[in-house]
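Participant: for reference, the sequence and a predicted model appear below.
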Amino acid sequence: MTNNVDSADLVEVRCKVMRLDDYCEANNSHADFVKCDVEGAELFVFQGAEKFLAKDTPVVFTEMLRKWCAKYKYHPNDIIAFFKCLGYDCYVPRMGRLAPCATVTDATVETNFLFLHHSKHKQLISDMAE
C-alpha cells in the first residue's frame, strides 16, 4: 500500500486480502479482543471491520504512531473519531491503570492504545481508569 521505510530496493508482493467484516460474516466469527499493528494502515483495518466492531464490541488494542499514519495520509485522531462514532473511548495503559486519551498531540509519547466500548466495558473502565 505504501513504502513505509522509504527503501529503494523495495519488493512489491501482491496478496489476496479480505475485510474483517466479510471474513466474520462468511465464517460466523466473533471475538472479544482484537490486536491491530499494521505499521500505519490501522484505520483501514478498522474501517473494514466496522460492522464487526459495532456488533461484537470487542476490546481493541492497537498501535498508533503519527509517523506511520502520515504515510497513509491520516492522523491517529481519525482512528479515535472513528471509534467514538461506535461508542468507544480511547485509553492509554499507564502504571497498571488506564488513562483517557481524547486526542493524540505532538506531546503524546504513548504508542499503544486501548479502545473500550463505554457501555459494554463499563465495569472494566470503572475498575481500571484513572
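Facilitator: All right, it came through fine.

Participant: buried residues, the lengthiest helix in the chain. List them.
Facilitator: Looking across the chain with DSSP state H, the single longest helix is helix 76-85. For helix 76-85, the neighbour count (16 or more other CB atoms under 10 Å) marks 76, 77, 78, 79, 80, 82, 83 as buried. Every C-beta, even on glycine, is put in place using the N, C-alpha and C of the backbone.

Participant: now name the helix or strand holding the closest residue to the third one other than its chain neighbours.
Facilitator: Leaving aside its chain neighbours, residue 78 sits nearest to residue 43 (5.7 Å; criterion: CB to CB, 6 or more residues apart in numbering). With secondary structure defined by DSSP states H and E, residue 43 is part of helix 42-47.

Participant: does the spatially most central residue of the chain have beta-bridge partners, and which?
Facilitator: Nearest residue to the geometric centre of the chain (CA atoms, centre = their mean): residue 62, 4.5 Å. Residue 62 has the following beta-bridge partners by DSSP bridges: residue 36, residue 113.

Participant: strands of this protein, start to end?
Facilitator: 33-36, 59-63, 88-94, 97-100, 112-117 (DSSP state E).

Participant: can you redo these as TSV with mean pLDDT?
Facilitator: Conversion of these to TSV gives the following (pLDDT from 0 to 100):
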stretch	mean pLDDT
strand 33-36	97
strand 59-63	98
strand 88-94	96
strand 97-100	96
strand 112-117	98
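
Participant: for these, give me JSON lines that also has distance to residue 49.
Facilitator: Shown next, in JSON lines, are the strands of the chain (distance: least, CB to CB, whole Å):
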{"stretch": "strand 33-36", "distance to residue 49": "8"}
{"stretch": "strand 59-63", "distance to residue 49": "9"}
{"stretch": "strand 88-94", "distance to residue 49": "12"}
{"stretch": "strand 97-100", "distance to residue 49": "22"}
{"stretch": "strand 112-117", "distance to residue 49": "12"}
